[in-house]
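Asks: Let me see the structure of the following:
(one chain, ligands or ions: 1)
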Amino acid sequence: MTTGHASPGADSPPPGGDTVIAVRDLRMRYRTQDVLKGVGFTARRGEVLVLLGPNGAGKTTTIEILEGFRMRSDGEVTVLGTDPARGDERWRARLGVVLQSWRDHGKWRVRELLAHLGSYYVPYSTGLIRRPWDVDELLAAVGLTEQADKRVGTLSGGQRRRFDVAVGIVGRPELLFLDEPTAGLDPEARNEFHGLVRGLADENTTVLMTTHDLAEAERLAHRILILVGGRIVADGPAEELSRQASADATVRWTRDGRRFEESTAEPTRFVRRLFEEHGEAIGGLEVRRASLEDTYLTMVRELETGSVPEERAARAFGEGSR
Ligand SMILES: Nc1ncnc2c1ncn2[C@@H]1O[C@H](COP(=O)(O)OP(=O)(O)OP(=O)(O)O)[C@@H](O)[C@H]1O
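Replies: Residues are numbered from 1 along each chain as shown. From the prediction side, this is the model:
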């Protein structure tokens, strides 16, 4: 897989302002269970959005509705300018989908199957986007060059996941859906996968992915969406969510063999004063802001136990793009 792109947090905003996904008041009811109760968000071209939420929150349901695989109960949804419920083959050819896992086609060889699947995209090649992706380039991009002639059924778990990603991007999608794409990848493969996703975003592919790995969400996402209780209760860059969840930083230090800890909204000023007062006697200094994990766990816990009304949480975490 390609690597070496800068972290999205450090990048300038994603190029272009076109809206690729627009969701308003999306509702989904399975028989008597209301799973989505008014979901709203947008995604722009080249943006990487990570959808977080506890098991059963409705992430896969949301993604399947956007992919056109599941009919919604209510609400407005536009994906690449089309209502997914009415998307045709031409529209579908512009999407890439990596599902949680599938185990078919074990007897096919890696290169053969990618070339075969790629051939479906030939009619959808345009002046701007040449479809499909050249198989050798694709194999190199996902790090499977050495496995090109192996049978799919003999790939290791991590290689299989790379292959799933290759299948998802062989048609050079403008919008890529990834449902837990890094489950089962080793740290190196995960890192390479992150490079691949950033590379795709740099080339203006919009990515909507789910993960339960908060560090991964923090690294990859231009914006994080948190789905709890059937609604998006937070929507923004990782640092912004953490800042909004807790304005205070925790400062820890030791002095004369004793440990100290202080919560403060102005850690720089606090630390300056600390050194003015105690100078060299200060050791083990640590300044820590709430991490995305702290923010996420607090939010989910509060919303699930009902200690914060959903409307208040939504306000606290910003409704900017909804
Ligand atoms: N076809 C279905 N029929 C009835 N209920 C369903 C169906 N699909 C999903 N559900 C229910 O909808 C809820 C949301 O499921 P969904 O798979 O969308 O959650 P998720 O956020 O993707 O979960 P996970 O993190 O575990 O993958 C769950 O309570 C699930 O049992």
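
Asks: name the helices or strands packed onto the helix or strand hosting residue 141?
Replies: Element membership for residue 141 (DSSP states H and E) is helix 135-142. On a contact count with 3 or more Cβ pairs under 8 Å, 6 or more residues apart in numbering; DSSP states H and E, helix 135-142 meets helix 110-119, helix 157-169, helix 187-202. The C-beta positions use only the backbone N, C-alpha and C, and glycine is treated the same way.

Asks: looking at these, which is buried most?
Replies: Mean neighbour count (mean count of other Cβ atoms under 10 Å) peaks for helix 157-169 among the helices and strands packed on helix 135-142, with a mean of 21.

Asks: show me where pLDDT drops low in the protein?
Replies: Residue ranges of the chain with pLDDT under 70: 1-17, 100-103, 244-247, 307-322.

Asks: tell me which parts of it are close to the ligand?
Replies: Counting by Cβ under 6 Å from any ligand atom, the residues of the chain close to the ligand are 30, 35, 53, 55, 56, 57, 58, 59, 60, 61.

Asks: quick one: the last one and residue 221, what's the gap?
Replies: So the one you mean is residue 61. 20 Å (Cβ to Cβ, to the nearest Å).

Asks: who has more neighbours, these two?
Replies: residue 221 (26 against 19; other Cβ atoms under 10 Å).

Asks: Of all the residues in the helix holding residue 141, which ones are buried?
Replies: 135, 138, 139, 141, 142 (16 or more other Cβ atoms under 10 Å).

Asks: Next: stretch 118-138.
Replies: For stretch 118-138, burial by neighbour count (16+ other Cβ under 10 Å) applies to 118, 121, 124, 129, 131, 132, 133, 135, 138.

Asks: ok, now how distant is the spatially closest residue to the first one that is not a sequence neighbour from the ligand?
Replies: By that I understand residue 118. Spatially, and ignoring its direct neighbours in sequence, residue 118 is nearest to residue 132 (3.1 Å; Cβ to Cβ, 6 or more residues apart in numbering). Counting by Cβ to the nearest ligand atom, to the nearest Å, the gap from residue 132 to the ligand is 29 Å.

Asks: and the next element down the chain from the helix or strand encompassing residue 287?
Replies: If you go by DSSP H and E, residue 287 is part of strand 282-288. Beyond strand 282-288 on the C-terminal side, the first helix or strand identified by DSSP H and E is helix 292-304.

Asks: Counting neighbours, which bits of that next one end up buried?
Replies: 292, 295, 296, 299, 300, 302, 303.

Asks: out of those residues, who's nearest the ligand?
Replies: Nearest to the ligand, judged by Cβ to the nearest ligand atom, of these is residue 300 at 11.9 Å.

Asks: For the buried residues of stretch 118-138, give me a markdown table that also has distance to residue 44.
Replies: As requested, the buried residues of stretch 118-138 are exported to a markdown table (distance: Cβ to Cβ, whole Å):
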| residue | distance to residue 44 |
| --- | --- |
| 118 | 27 |
| 121 | 24 |
| 124 | 23 |
| 129 | 18 |
| 131 | 22 |
| 132 | 25 |
| 133 | 23 |
| 135 | 30 |
| 138 | 26 |
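
Asks: coming back round to it: okay if I get the helices and strands packed on helix 135-142 as TSV plus distance to residue 248?
Replies: Below are the helices and strands packed on helix 135-142 laid out as TSV (distance: least, Cβ to Cβ, whole Å):
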stretch	distance to residue 248
helix 110-119	51
helix 157-169	39
helix 187-202	30
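
Asks: Out of these, which is closest to residue 212?
Replies: Residue 212 lies closest, by Cβ to Cβ, to one member of the helices and strands packed on helix 135-142: helix 187-202, at 13.0 Å.

Asks: ok now the closest one, how far from the chain's centre?
Replies: Relative to its chain's centre, helix 187-202 lies at 12 Å (Cα atoms, centre = their mean, to the nearest Å).

Asks: cool, and stretch 140-152?
Replies: On Cα atoms, centre = their mean, the centre of stretch 140-152 falls 25 Å from that of its chain.

Asks: So residue 205 sits against residue 178, correct?
Replies: No: the pair residue 205 and residue 178 fails to qualify as a contact (Cβ atoms under 8 Å) at a distance of 10.9 Å.

Asks: follow-up on the earlier one: could you tell me the angle between the helix holding residue 141 and helix 157-169?
Replies: 130 degrees (axes from the mean of the first three to the mean of the last three Cα atoms, to 10 degrees).
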